[in-house]
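What shape does this take:
(one chain, ligands or ions: 1)
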Amino acid sequence: MAPDRMCYPRMNDRAERTRSSSAAATWLNPERWLASIVESSDDAIIGESLDGVITSWNAGATRIFGYSAEEAVGQTVTILSWPGEEARVAAYLAKLRQGERVDHFEVVRRHKSGHKLLVSLSLSPIMDDDGEIVGIAKIARDLTAQRAAADLLAERDSQLALLTEKEATARGEAIFERRFHELLEHAPDAIVQVDSQGKIVVANFTAATMFGYAPGELLSLRVEELIPHSARAGHDQHRAQFMAANRTRPMGQGLDLHALRKDGSTFPVEISLSPVRAGEESFVTAVIRDVTQRREAEVRMRDLQETYMAELRERQAEAERLNRLKSEFMASISHELRTPLHTVIGFAELLAEETEAQLNDRQRRFLDHIRKDSEHLLGLINDVLDLSRIEAGGLTLHTELVGLHAVADEAVESIRPYAESRNVAVHLAPSMNFDVVADRLRLRQVLTNLLSNGAKFTPAGGSVSVRARRDGHLVEITVEDTGVGIPTDECQRVFEKFYQVGYTPVGVREGTGLGLAICRQLVEMQGGSIWVESELGQGSRFCFTLPAVVV
Ligand code: ADP
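This is a model prediction of the structure:
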């Protein structure tokens with residue numbers, strides 16, 4: 001270390017001598033020791049008088065500021081000043097003069113060569129023996145490189161971030177664009193964009209295929225090339241109107257639209273239009289769907305439906321014809337059967353009168369069988385005849401205002417002998433004074449049927465009764481018995497033809513299963529309805545309604 005290269009406040013000679021004389025080989029003189037620390041420091045250590053004259057200047061100061069000790073000592077510190085920083089430095093110096101230390105404030109300084117330096121300054125006062133401030137010791141650390149590196153790093157980081165972001169965006173955009181492109185190209189519908197002049201500016205792959213062009217061939221064609229000649233007139237005007245209206249909508253609503261292929265063939269389409277604006281330019285995007293298959297399917301469907309309906313109508317007509325034939329046949333056969341049956345019954349009755357000869361018990365029993373079965377057969381034939389006539393539409397009703405009480409009384413009296421023979425009481429409620437709009441004969445038939453069923457399905461000791469009540473413009477008539485009842489789940493079915501309840505006590509299973517079916521037909525023909533309320537073993541309540549007034 002060359003002492004001539006450094007300059008620092010010198011200790012007085014006496015002190016130096018004392019120390020030197022007592023110095024041992026291993027013991028270093030404190031001034032020299034201090035000087036060597038100052039000299040080897042990386043920081044600039046500068047002594048400065050109160051009026052700003054540089055008094056000491058170490059190697060660190062030379063390295064940082066570029067001036068040698070010789071050049072610097074004796075100069076004012078202004079050689080290091082950077083314009084605009086004076087005020088800040090002066091403020092710190094003022095603090096220092098007040099006896100305060102100032103540590104690590106960052107300030108811009110000037111290198112000998114004129115370039116800018118960023119330094120961290122720590123200032124401490126230099127006192128004399130009396131404690132008076134006689135100068136300033138400055139330690140300056142060069143932050144320029146460090147800050148530059150940090151700035152560089154920060155810059156690099158932000159550049160990198162920017163780059164990464166840009167790359168990511170660019171990559172994302174590229175992927176998005178590719179996907180969008182793929183989507184556009186291979187969309188199931190043709191997508192065509194047309195400018196305000198009607199020139200095609202975008203057409204996807206599907207459009208080219210759909211219209212029979214090579215990829216790219218559609219571009220710069222006029223859109224009219226895709227429209228059948230018959231529909232071209234006025235297209236320009238429509239396009240202009242659409243662009244002015246500026247909203248997405250289907251094209252030609254309610255119209256059968258067709259498109260034209262390159263080979264001149266046409267096909268049905270559905271088109272949705274959207275306006276697009278790009279800067280000053282206006283475009284129309286058309287999404288075109290080939291609906292050939294759908295239309296074909298619709299036509300097939302319609303044809304099928306028509307064929308089916310025609311067939312159905314034919315079958316219905318045939319079924320009605322057969323039904324009528326059957327009913328006519330049943331009606332005529334029943335009629336034919338009734339005549340000889342009446343003869344059988346008539347002669348059986350004659351025989352029973354024993355006017356010609358006395359019958360023995362066996363003959364009487366046989367005759368009884370003939371009579372009973374003939375009557376049963378007659379009942380069956382009458383029922384079949386009735387139902388056939390009703391179904392064939394051959395039954396004409398003669399409706400009039402009928403006094404219910406009188407008709408019900410006739411019906412009750414007609415079945416009374418039968419009921420009494422079975423020890424079943426029959427009652428007619430006194431309040432039956434209603435008039436109903438009905439066919440007198442048919443009303444009596446319904447009542448007789450219900451009453452005889454009641455008597456038939458009621459064990460001895462039971463009863464059957466008839467009553468009525470007014471219900472609005474209807475009269476509701478009820479035939480109630482205390483008999484075997486009907487399982488609830490069979491209550492609907494007893495009105496079907498030939499239906500007989502599964503559980504019927506032995507001995508009462510006789511009849512045709514047609515009586516209630518006839519009753520229903522007759523009641524409904526007269527504008528009423530019929531139903532039964534019953535439970536097995538709890539008796540039955542057959543109810544039917546008839547209009548009370550002529551409507
Ligand atoms: P049927 O000639 O058998 O009486 P209906 O059509 O008059 O024919 O009756 C059909 C079936 O309904 C009967 O066989 C019987 O099982 C049931 N039924 C009808 N009326 C009554 C009643 N009052 N009580 C119980 N069951 C009845």
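
Stretch 268-285: how far from the chain's middle?
Mean C-alpha position of stretch 268-285 versus that of the full chain (CA atoms, centre = their mean, to the nearest Å) differs by 29 Å.

before we move on, what SS does the residue of the chain found nearest the ligand have?
Nearest to the ligand in the chain, going by CB to the nearest ligand atom, is residue 511, at a distance of 2.3 Å. C-beta coordinates here come from the backbone N, C-alpha and C atoms, glycine included. For residue 511, the secondary-structure state derived from DSSP: H, G, I helix; E, B strand; the rest coil is coil.

and it, how many neighbours does it have?
Counted with other CB atoms under 10 Å, the neighbours of residue 511 add up to 19.

Kindly report the same for residue 304.
Residue 304 is flanked by 10 other residues according to other CB under 10 Å.

go on, residue 480?
Other residues close to residue 480 by other CB under 10 Å number 21.

returning to that earlier point: just checking, the residue of the chain closest to the ligand touches residue 498?
No - the criterion here is CB atoms under 8 Å, and residue 511 misses it with residue 498 at 10.2 Å.

ok, and the helix or strand in this structure with the lowest average confidence?
Least confident element among the helices and strands of the chain, by mean pLDDT, DSSP states H and E: helix 13-21 (a mean of 42).

ok so, going back, what's the spacing between the residue of the chain closest to the ligand and residue 518?
Applying CB to CB, to the nearest Å, the value for residue 511 to residue 518 is 12 Å.

mind checking pLDDT for the closest residue to residue 453 other than its chain neighbours?
Excluding its sequence neighbours, the residue lying closest to residue 453 (CB to CB, 6 or more residues apart in numbering) is residue 515, at 6.6 Å. On pLDDT, residue 515 comes in at 93.

in the stretch 301-450 of the chain, which spans are helices?
Along the stretch 301-450 of the chain, counting by DSSP state H, counting those that start in this stretch, helices occupy 361-391, 404-421, 440-456.

show me the contacts for residue 481.
Taking CB atoms under 8 Å, 6 or more residues apart in numbering, we find residue 481 in contact with 424, 453-455, 457-458, 462-465, 539-540.

which residue packs closest to it, ignoring adjacent ones?
Closest residue in space to residue 481, ignoring its immediate chain neighbours: residue 454 at 3.7 Å, by CB to CB, 6+ apart.

cool, residue 295 as well?
Once flanking residues are discounted, residue 295 sits nearest to residue 268: 4.8 Å by CB to CB, 6+ apart.

Now do the same contact list for that neighbour.
Taking CB under 8 Å, 6+ apart, we find residue 268 in contact with 256-259, 290-292, 295.

Residue ranges of each domain in the chain, please.
Domains of the chain are assigned by the TED database as 31-148, 185-294, 396-547.

which one of these is the most hemmed in?
Of all the domains of the chain, domain 396-547 carries the top mean neighbour count, a mean of 18, counting by mean count of other CB atoms under 10 Å.

what's the spacing between the residue nearest to residue 481 and residue 427?
From residue 454 to residue 427 the distance is 11 Å (CB to CB).

doesn't residue 381 make contact with residue 341?
Yes - assessed by CB under 8 Å, residue 341 is found in contact with residue 381 at 6.7 Å.

just for the stretch 201-350 of the chain, where's the confidence low?
Counting by pLDDT under 70, the stretch 201-350 of the chain has low-confidence residues at 246-254.

same thing but at 50, please
Applying pLDDT under 50 to the stretch 201-350 of the chain flags no residue at all.

The stretch 351-500 of the chain now?
Nowhere does the stretch 351-500 of the chain drop to pLDDT under 50.

try 80 this time
Counting by pLDDT under 80, the stretch 351-500 of the chain contains low-confidence ranges at 356, 392-394, 431.

got the residues of it near the ligand?
Applying CB under 6 Å from any ligand atom, we find that the stretch 351-500 of the chain lies next to the ligand at 453-454, 457, 481, 483-484, 486, 494, 499-500.

hmm, try it at 5 Å
453-454, 457, 483, 486, 494, 500 (CB under 5 Å from any ligand atom).

helix/strand/coil for residue 42?
Counting by three-state DSSP, the backbone at residue 42 sits in coil.

got a list of what it touches?
The contact partners of residue 42, taken as CB under 8 Å, 6+ apart, are 60, 63, 141.

again, but for residue 477
404, 408, 447, 466-468, 543-546.

Give the bridge partners for it, please.
Judged by DSSP bridges, the bridge partners of residue 477 are residue 468, residue 544.

One more: residue 402?
For residue 402, the beta-bridge partners are residue 436 (DSSP bridges).

Could you identify the helix or strand that succeeds the strand or helix carrying residue 209?
Using DSSP states H and E, residue 209 sits within helix 205-211. As assigned by DSSP H and E, the chain's next helix or strand after helix 205-211 is helix 229-232.

Residue 282 belongs to a strand?
Yes - checked against three-state DSSP, residue 282 lies within a strand.

So it versus residue 200, what's the distance?
From residue 282 to residue 200 the distance is 15 Å (CB to CB).

what does residue 520 give?
73 Å.

pretty sure residue 267 is touching residue 257, no?
No - at 9.9 Å, residue 267 does not count as touching residue 257 under the criterion of CB under 8 Å.

any residues touching stretch 442-454, and which ones?
Residues from elsewhere that reach stretch 442-454, judged by CB under 8 Å, 6+ apart: 397, 402, 404, 407-408, 410-412, 414-415, 418-419, 424, 426, 436, 464, 466, 477, 479-481, 483, 515-516, 518-519, 522-523, 525-526, 540, 542, 544, 546.

hey, where'd the helices end up in the stretch 51-200 of the chain?
Secondary structure of the stretch 51-200 of the chain (DSSP H, counting those that start in this stretch): helices at 59-65, 69-72, 86-97, 144-185.

Give me the distance between stretch 89-102 and the centre of its chain.
Mean-position distance between stretch 89-102 and its chain equals 77 Å (CA atoms, centre = their mean).
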